[in-house]
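> no FASTA, just this:
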C-alpha cells in the first residue's frame, strides 16, 4: 500500500478559495475517478500551506489513476485552469510513502 502526501503553497489570502475548489470540485472529481482521498488539511501555523493525502493499492494503480484523472479533458480544460494563479506550482511537493507495519491505515 502506498500513500501520497501532497503539499501546496497558496498565494496570499487565497487559501479559503483554494480549499473550496478542492472540497467542491477537485476531490469529488478525483474520487469519481477512483482516487482514495484520506484527508485534506490546512496548517494552523503557515497560512499559505495546504496538504492532502491519497492512498493507492500499488504503484501500478497509482499510475492508472493518474492517467484517468490528469488525462481527462475535464481536468485539463476546466479544473487545471481554475487552479490557475491560486496555487504556486513551483512549490508543490509530492512524497510517495509506505506505511510502517504497526501503523498502517
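Thanks, I have the structure now. All figures in this text were calculated on a predicted structure; none of them were measured in a lab.

> contacting residues around the residue lying closest to residue 14 once chain neighbours are set aside?
Once flanking residues are discounted, residue 14 sits nearest to residue 86: 4.9 Å by C-beta to C-beta, 6 or more residues apart in numbering. Glycine gets a C-beta too; all of them are placed from N, C-alpha and C. Counting by C-beta atoms under 8 Å, 6 or more residues apart in numbering, residue 86 touches 10, 11, 14, 17, 18, 21.

> just to check, residue 31 is in contact with residue 25?
No: taking contacts as C-beta atoms under 8 Å, residue 31 lies outside contact range of residue 25: 11.2 Å.

> what about those two, which has more around it?
residue 25 (15 against 11; other C-beta atoms under 10 Å).

> need the nearest residue in space to the more buried one, chain neighbours excluded.
Ranked by C-beta to C-beta, 6+ apart and with sequence neighbours excluded, the top spatial neighbour of residue 25 is residue 79, at 6.2 Å.

> let me know the secondary structure of that neighbour.
helix (DSSP: H, G, I helix; E, B strand; the rest coil).
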